[in-house]
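Trainee: Can you look at this prediction? I've put the sequence above it.
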Amino acid sequence: MSRQNTVCVIIPTYNRPHLVVETVKSVVAQTRRPDRIIVADDGGDAEATARALHRFRDRIEQTWGPNAGKSAVLNRTIADIGEDMIWIVDDDDLVSPDALEKLEAALLDHPEAMFSYGLNDDLVRQGDQWVIRPRKLPSPDQKDLKLTVLERCFLLQPGMLVRSAAYERIGQFDTALPRSQDYDMLLKLTRHFKGVQVEGIVFHQRFHDGDRGPASSRFAADKRHANWAETDKRIFTRIHETYKLAEYLPGEPENLSREQTAQALINRSVVMARKGLWALAVGDLQALPPFLTGGPDLDLAPFSRLFESNANGLPDGKKVEPFLSALRALPEPYRREALRRLTGTLPGWAFSALKKRRWDRLGPAVSIMMSAGPGAVIAGYRDRAARQSA
């Protein structure tokens with residue numbers, strides 16, 4: 001029988017003894033001592049991991065199972081524990097000393113919430129030292145966290161404490177996904193439950209050169225973003241098919257008005273475009289004009305986030321052209337405003353190259369700028385400059 005307010009930390013690992021030992025050290029040092037710490041080995045070299053963790057043998061449990069991927073090892077471990085709250089910490093990250101204390105306090109103060117969460121920064125190598133690098137993260141929409149998460153995966157498991165009951169209700173991690181299992185689970189959690197945010201940085205995400213993935217499909221560190229992007233397309237194709245249009249609006253209103261339908265189409269279009277699902281994004285834009293009634297102003301801010309913090313960089317201009325064509329087909333003033341916001345989210349180096357007439361440095365940005373038109377580019381540049389000086 002589980003005790004009240006107990007926390008189990010699960011650290012899935014695979015052949016990273018030199019990294020997981022530092023992760024365990026940061027977990028053991030928590031100001032709120034975890035009730036249980038499980039290092040779940042996904043078919044790796046158990047002896048090497050045990051040797052690395054020998055000094056923590058009285059504080060942790062080590063389990064081992066055949067290599068089947070992160071989802072499988074998490075499902076297997078979660079099914080066998082009885083604690084009230086679960087904290088999944090990746091084997092290459094470091095948690096802040098008071099992370100668990102803050103995450104648990106938030107859940108105890110908000111019994112209606114099923115998970116608590118905090119943000120993170122990055123740890124990068126500079127020579128033989130790990131150096132903290134701040135990360136630009138979005139401000140979560142507290143009215144509907146789901147909308148922010150749909151646009152961008154900015155919450156990660158080491159920054160989340162989840163009630164065990166939440167995992168019981170929404171089911172297991174998807175073992176059919178080769179990557180982005182964490183993001184898929186995050187989307188489910190934010191779709192069905194309320195979360196509560198804590199202040200400050202709760203963990204440091206380490207960026208290293210080690211390989212990723214299960215034994216059957218390992219890949220190099222420099223391929224991680226491309227691999228995640230391909231799996232995200234699978235996830236969001238399913239989301240486009242299964243989410244109601246109202247779920248792209250705060251509060252999921254019933255019986256959408258024409259203005260609400262237009263706003264939901266805009267929001268969904270940008271979500272799909274950010275995931276590289278350009279045909280789906282174009283379809284939503286093409287469905288938009290009948291719902292543009294000239295009534296209350298629509299929120300076109302999502303277009304300002306289209307290329308923002310995209311780990312895969314700018315897409316090929318040929319892929320974006322049908323999307324831009326659909327934007328140009330919108331009636332005024334929506335066309336002009338949408339194009340202005342979209343070009344304003346282009347990276348600073350693109351505007352710098354344009355200003356210096358270094359066409360060779362524009363890369364994929366040149367086709368986007370040419371398609372948007374000079375008026376939109378100038379307005380977007382002014383928007384960007386205004387944001388930077390604010």
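Mentor: All right, it came through fine. Note that the structure is a prediction, hence the values are computed from the model and not measured.
Trainee: Rounded mean pLDDT for the lengthiest helix in the chain, please.
Mentor: Secondary structure of the chain per DSSP state H: the longest helix is helix 224-242. Helix 224-242 comes out with an average pLDDT of 87.
Trainee: Distance from the chain centre to the following helix or strand past that helix, please.
Mentor: Note on helix 224-242: by DSSP states H and E, the next helix or strand toward the C-terminus is helix 258-274. Relative to the chain's own centre, helix 258-274 is displaced by 19 Å; criterion: Cα atoms, centre = their mean, to the nearest Å.
Trainee: Identify each buried residue in helix 258-274, please.
Mentor: Within helix 258-274, the residues that count as buried by 16 or more other Cβ atoms under 10 Å are 259-274. In this view, the C-beta of every residue, glycine as well, is placed from N, C-alpha and C.
Trainee: which stretches of the chain form strands?
Mentor: 7-13, 36-42, 61-65, 85-88, 94-95, 115-126, 129-133, 160-163, 195-206 (DSSP state E).
Trainee: Please put the alpha-carbon coordinates of the first one into CSV.
Mentor: Only the C-alpha atoms of strand 7-13 are listed here, as CSV (Å, rounded to 0.1, in the frame of the first residue of the first chain):
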residue,chain,number,x,y,z
VAL,A,7,7.6,10.4,-4.7
CYS,A,8,9.4,7.9,-6.9
VAL,A,9,12.2,9.1,-9.2
ILE,A,10,12.7,7.0,-12.3
ILE,A,11,16.0,7.4,-14.2
PRO,A,12,15.9,5.4,-17.5
THR,A,13,19.4,4.7,-18.8
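Trainee: Need the contact partners of it.
Mentor: Here strand 7-13 makes contact (Cβ atoms under 8 Å, 6 or more residues apart in numbering) with 20, 23-24, 27, 32, 34-42, 44, 49, 70, 73-74, 77-78, 81, 83-91, 100, 104, 161.
Trainee: Equivalent analysis for the last one, please.
Mentor: The list of residues contacting strand 195-206 from outside it, by Cβ under 8 Å, 6+ apart, reads 19, 89, 92-96, 99, 102-103, 105-107, 109-110, 113-123, 130, 132, 135, 140, 142, 145, 156, 158-160, 189.
Trainee: Give me the buried positions along that strand.
Mentor: 195-198, 201-206.
Trainee: For the residues you listed, work out which two are farthest apart.
Mentor: Val196 and Arg206 (26.2 Å; Cβ to Cβ).
Trainee: before we move on, back to that, just the buried ones from the contacts of strand 195-206?
Mentor: 19, 89, 92-96, 99, 102-103, 105-107, 113-121, 123, 130, 140, 145, 156, 158-160, 189.
Trainee: before we move on, the earlier item: any idea which of the buried residues of helix 258-274 is closest to Asp383?
Mentor: Looking across the buried residues of helix 258-274 and measuring by Cβ to Cβ, the closest to Asp383 is Val270, at 16.5 Å.
Trainee: Would you mind giving the domain segments of this structure?
Mentor: 7-228, 251-389 (automatic domain parsing).
Trainee: okay, those domains in TSV with distance to Ile235 next?
Mentor: What follows is the domains of the chain, written out as TSV (distance: least, Cβ to Cβ, whole Å):
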stretch	distance to Ile235
domain 7-228	5
domain 251-389	8
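Trainee: Least confident of those domains, on average?
Mentor: Looking at those, the bottom one is domain 251-389 with a mean of 81.
Trainee: residue contacts, Ile78?
Mentor: 10, 86, 164, 167, 172.
Trainee: if you set the cut-off to 6 Å instead, what comes out?
Mentor: Applying Cβ atoms under 6 Å, 6 or more residues apart in numbering, one finds that Ile78 lies in contact with Tyr167.
Trainee: what separates the residue nearest to the spatial centre of the chain from Pro178, distance-wise?
Mentor: Centroid-nearest residue in the chain, with Cα atoms, centre = their mean: Cys153, separated by 0.9 Å. For Cys153, the distance to Pro178 equals 16 Å [Cβ to Cβ, to the nearest Å].
Trainee: cool, Ile86 as well?
Mentor: Taken as Cβ to Cβ, the span from Ile86 to Pro178 is 23 Å.
Trainee: So these two - more neighbours on which side?
Mentor: More crowded of Ile86 and Pro178, by other Cβ atoms under 10 Å: Ile86, with 23 against 18.
Trainee: you'd agree the more buried one is up against Val162?
Mentor: Yes: contact criterion Cβ atoms under 6 Å: Ile86 and Val162 qualify, at 5.3 Å.
Trainee: joint contacts of the two?
Mentor: By Cβ under 6 Å, 6+ apart, no residue touches both Ile86 and Val162.
Trainee: So what's the residue count around the residue lying closest to Val27 once chain neighbours are set aside?
Mentor: Ranked by Cβ to Cβ, 6 or more residues apart in numbering and with sequence neighbours excluded, the top spatial neighbour of Val27 is Val9, at 5.5 Å. Residue crowding around Val9 was assessed by other Cβ under 10 Å; the count is 26.
Trainee: quick one, phi/psi of Asp299?
Mentor: With angles defined as degrees, to the nearest 10, Asp299 sits at phi -90, psi 110.
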